[in-house]
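Novice: Need a 3D model of the following:
(chains A, B, C and D)
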Number of protein chains: 2
Amino acid sequence: MEEGTLKSPGHTGDTDPSCPAGAVYPYDVKQWDTREDCEVRQILDRIADKWSLLVIALLDCEGLRFTELRREIDGISQRMLTRTLRHLERDGLVSRTVHPTVPPRVDYALTPLGSTLHATIQSLVTWTERHQREIAAARAEYDARAEREALDHGA
Amino acid sequence: MEEGTLKSPGHTGDTDPSCPAGAVYPYDVKQWDTREDCEVRQILDRIADKWSLLVIALLDCEGLRFTELRREIDGISQRMLTRTLRHLERDGLVSRTVHPTVPPRVDYALTPLGSTLHATIQSLVTWTERHQREIAAARAEYDARAEREALDHGA
DNA sequence: CAGTATCCCCGCAGATACTG
DNA sequence: CAGTATCTGCGGGGATACTG
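Specialist: Numbering: from 1, shown residues only, chains lettered A, B, ... in the order given. Just a heads-up that it's a prediction; the model follows:
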């Protein structure tokens, strides 16, 4: 991304210097370079980050409220849920509808584009659920073997 | 993970303090807590990290050498490729076979378990390839709208 | 309720140099 | 060739406090 020089002087925290001057983004919704050398990587980074997969898997087609997502996901902080949703919204995968009531109510749902992702991601998540025991076993075995080898070499 | 007290005194770098004492792991192959409160998250973190998806997608069933993977993936550092492969090996998704020749030759391939993941991940990767334009468009639109709204509020 | 703003840590990941 | 070792920076992400 090679633009350290653009960095605004007093910048310490979260906001992104590469955003169009004057635009204010919540947190640091990135402006990706559109140079084509790494598009797929960028998109993968977004989809396969810590929370996006779970959010998309949960959203299915019916909308959920902010708090419902928060409760469902377990472990996600308010900050990260907001950021994740903003990113997904920006990528056109999730729609955000604000009901101007008080207290406010915001619903999130998959867009048509997002829906085309849902099946795949769902199957990824269920795969991990189905195979967690096998993976845990593999890890245990690997660790045991590594430890034995370490002992052989060490002493 | 709440075990800051376990941290070995002089520890600064990459290795993992939670590994069984005396075992030496390459880099910092993590020892996950097996307490069940966050298993799926852990596994997802591993599978859906920056490089694993691409590695698995590439490996298919036929084996590839270290350097072939390195060349194919583009942008990955030697360090990250090694680490990713070690993690996948530990999780029982990838097998590593060393040919005791000189110079050495190491082949990586999907295990049967890994193969069950391949289809899903492949479809995830091809999805991003197929929809990158739509996503780019969505981003542009989002940014444009955000900028307009920022101007309305600002001035 | 649904966010923003701010502070701050630590672990990911790149760069570089060295080895069997 | 296929790694390991070490240093370092940056940004992901948690915690907390505040607002419309």
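Novice: Going by C-alpha atoms from here, please, whenever you check contacts or count neighbours.
Specialist: Fine.
Novice: What is the three-state secondary structure of A:T97?
Specialist: At A:T97, secondary structure determined by DSSP: H, G, I helix; E, B strand; the rest coil is strand.
Novice: Show me what it is bridged to.
Specialist: When bridges are called by DSSP bridges, A:T97 pairs up with A:D107.
Novice: contacting residues for it?
Specialist: A:V106, A:D107, A:Y108 (C-alpha atoms under 8 Å, 6 or more residues apart in numbering or on different chains).
Novice: Double-check A:V94 against A:L88; I have them as touching.
Specialist: Yes: if you go by C-alpha atoms under 8 Å, A:V94 and A:L88 touch, sitting 5.5 Å apart.
Novice: Turn the contacts of A:T97 into TSV, including distance to DNA strand C.
Specialist: Formatted as TSV, the contacts of A:T97 follow (distance: C-alpha to the nearest atom of the strand, whole Å):
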residue	distance to DNA strand C
A:V106	5
A:D107	7
A:Y108	8
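Novice: who wins for most neighbours among those residues?
Specialist: Most neighbours among these, by other C-alpha atoms under 10 Å in any protein chain shown: A:Y108, with 21 neighbours.
Novice: Show me the helices in chain A, by range?
Specialist: In chain A, the helices defined using DSSP state H lie at A:39-47, A:52-59, A:66-73, A:78-90, A:112-154.
Novice: ranking these by burial, who's on top?
Specialist: helix A:52-59 (a mean of 21; mean count of other C-alpha atoms under 10 Å in any protein chain shown).
Novice: Name the surrounding residues that touch that helix.
Specialist: With C-alpha under 8 Å, 6+ apart, helix A:52-59 has contacts from A:46-47, A:69, A:73, A:84-85, A:88, A:108-110, A:114, A:118, A:121-122, A:125.
Novice: if you set the cut-off to 6 Å instead, what comes out?
Specialist: Outside helix A:52-59, the residues within contact range by C-alpha atoms under 6 Å, 6 or more residues apart in numbering or on different chains are A:A109, A:Q122.
Novice: average pLDDT for that helix?
Specialist: For helix A:52-59, mean pLDDT is 94.
Novice: tell me the angle of that helix relative to helix B:39-47?
Specialist: 130 degrees (axes from the mean of the first three to the mean of the last three C-alpha atoms, to 10 degrees).
Novice: now check helix A:52-59, is it near DNA strand C?
Specialist: No: counting by C-alpha under 7 Å from any atom of the strand, no contacts exist between helix A:52-59 and DNA strand C, the nearest distance being 13.1 Å.
Novice: Please give the centre-to-centre distance between stretch A:80-99 and its chain.
Specialist: 11 Å (C-alpha atoms, centre = their mean, to the nearest Å).
Novice: Quick one: mean pLDDT over that stretch.
Specialist: Across stretch A:80-99, pLDDT averages out at 96.
Novice: before we move on, what about stretch A:134-154?
Specialist: 85.
Novice: A:A138 and B:H118, how far apart?
Specialist: Per C-alpha to C-alpha, to the nearest Å, A:A138 is found 18 Å from B:H118.
Novice: A:E147 now?
Specialist: On the measure of C-alpha to C-alpha, A:E147 and B:H118 end up 30 Å apart.
Novice: likewise A:A146?
Specialist: 27 Å.
Novice: tell me which of the contacts of A:T97 is nearest to chain B?
Specialist: Distance to chain B across the contacts of A:T97 (C-alpha to the nearest C-alpha) is lowest for A:Y108, with 16.1 Å.
Novice: still on that earlier bit, now the contacts of A:T97 as TSV including pLDDT?
Specialist: Converted to TSV, the contacts of A:T97 look like this (pLDDT from 0 to 100):
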residue	pLDDT
A:V106	97
A:D107	97
A:Y108	98
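Novice: Now distance to B:L58 too, for those residues, in CSV please.
Specialist: Formatted as CSV, the contacts of A:T97 follow (distance: C-alpha to C-alpha, whole Å):
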residue, distance to B:L58
A:V106, 40
A:D107, 38
A:Y108, 34
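Novice: just those now: which is nearest DNA strand D?
Specialist: Using C-alpha to the nearest atom of the strand, A:V106 comes nearest to DNA strand D of those, at 10.3 Å.
Novice: Quick one: neighbours of the residue nearest to that closest one when sequence neighbours are not counted, just the number.
Specialist: For A:V106, ignoring the flanking residues on the chain, the nearest one in space by C-alpha to C-alpha, 6 or more residues apart in numbering or on different chains is A:V98 at 4.5 Å. For A:V98, the count of nearby residues is 11 (other C-alpha under 10 Å).
Novice: Would you mind measuring from A:V98 to chain B?
Specialist: 16 Å (C-alpha to the nearest C-alpha, to the nearest Å).
Novice: Please verify my assumption that that residue contacts A:A109.
Specialist: No: at 11.7 Å, A:V98 and A:A109 do not qualify as touching, with contact defined as C-alpha atoms under 6 Å.
Novice: Give me the spatial nearest neighbour of A:P104, chain neighbours excluded.
Specialist: Counting by C-alpha to C-alpha, 6+ apart, A:P104 lies nearest to A:V98, which is 7.4 Å off, once chain neighbours are set aside.
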